[in-house]
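> Need coordinates for the following:
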Amino acid sequence: MPLTTIKAAQIDTQMKKILVVFALGGLIIGCGESKKEEKKEGFEMNRAKTADKATEAQAESVPVDMDNEGVGPFKNISFDSDIDQELASAGEAKFNTICTACHMAEKRMIGPALKGVYERRNPAWVMNMIIGPDKMLKEDPIAKALLKEHNNAIMLNQNLSEDETRQVAEYLRTL
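Coordinates of the predicted model:
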């Protein structure tokens, strides 16, 4: 066997060894545990539970003020001890049509949870907020504080009549 053939075989063997070492190194690095979190393209929804939503709704940072009636046509509102089922039923239909995009009974969404709203707010305040949220958000301190608490998501005026507002208010009593 000529000398050049032997040297070529030795170089070929050394190159194979070097290639195997690099391949094993790449494999170890590639399969090793990575602490770096990679962001993937596309949409990801993180549903980590941060707090019980019902408790969160009760623990609003906006203070309870049962004397504030708000700004609007409703003053000195008091409810009968019994719920008017006919009014509440009409109010539920109206609520499901226009309010559920932002409100739920027990969970905070875009707007606050509404279960127990009359334990936190005066009935006249609630009705004034329903019938004229634009005016309330400009002039009422509680409405302004709630606006801030809910990331400046404004409540849109649904142009309800006083009767329709009363229906929704009665339904809120059933929550």
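> Where does the residue positioned nearest the centre of the chain fall, secondary structure wise?
Centroid check for the chain by CA atoms, centre = their mean gives Met109 as the closest residue, at 4.5 Å. Assigned by DSSP states H and E, Met109 belongs to no helix or strand.
> With the one 10 residues further on instead?
Under the criterion DSSP H and E, the helix or strand holding Glu119 is helix 117-120.
> Other residues contacting that helix?
Contacts to helix 117-120, defined as CB atoms under 8 Å, 6 or more residues apart in numbering, come from residues 60, 64, 79, 126, 172-173, 175. Using the backbone N, CA and C atoms, a C-beta is placed for each residue, glycine as well.
> cool, stretch 136-152 as well?
By CB under 8 Å, 6+ apart, the residues outside stretch 136-152 that reach it are 60-63, 65, 68, 70-72, 110-112, 121, 125, 128-129, 133, 153-155.
> Ok, stretch 166-175 next?
77, 79, 83-84, 87-92, 94-95, 99, 105, 114-118, 123, 126-127, 130, 160.
> Which ones among the residues you listed map onto helices?
87-92, 94-95, 117-118, 123, 126-127, 130 (DSSP state H).
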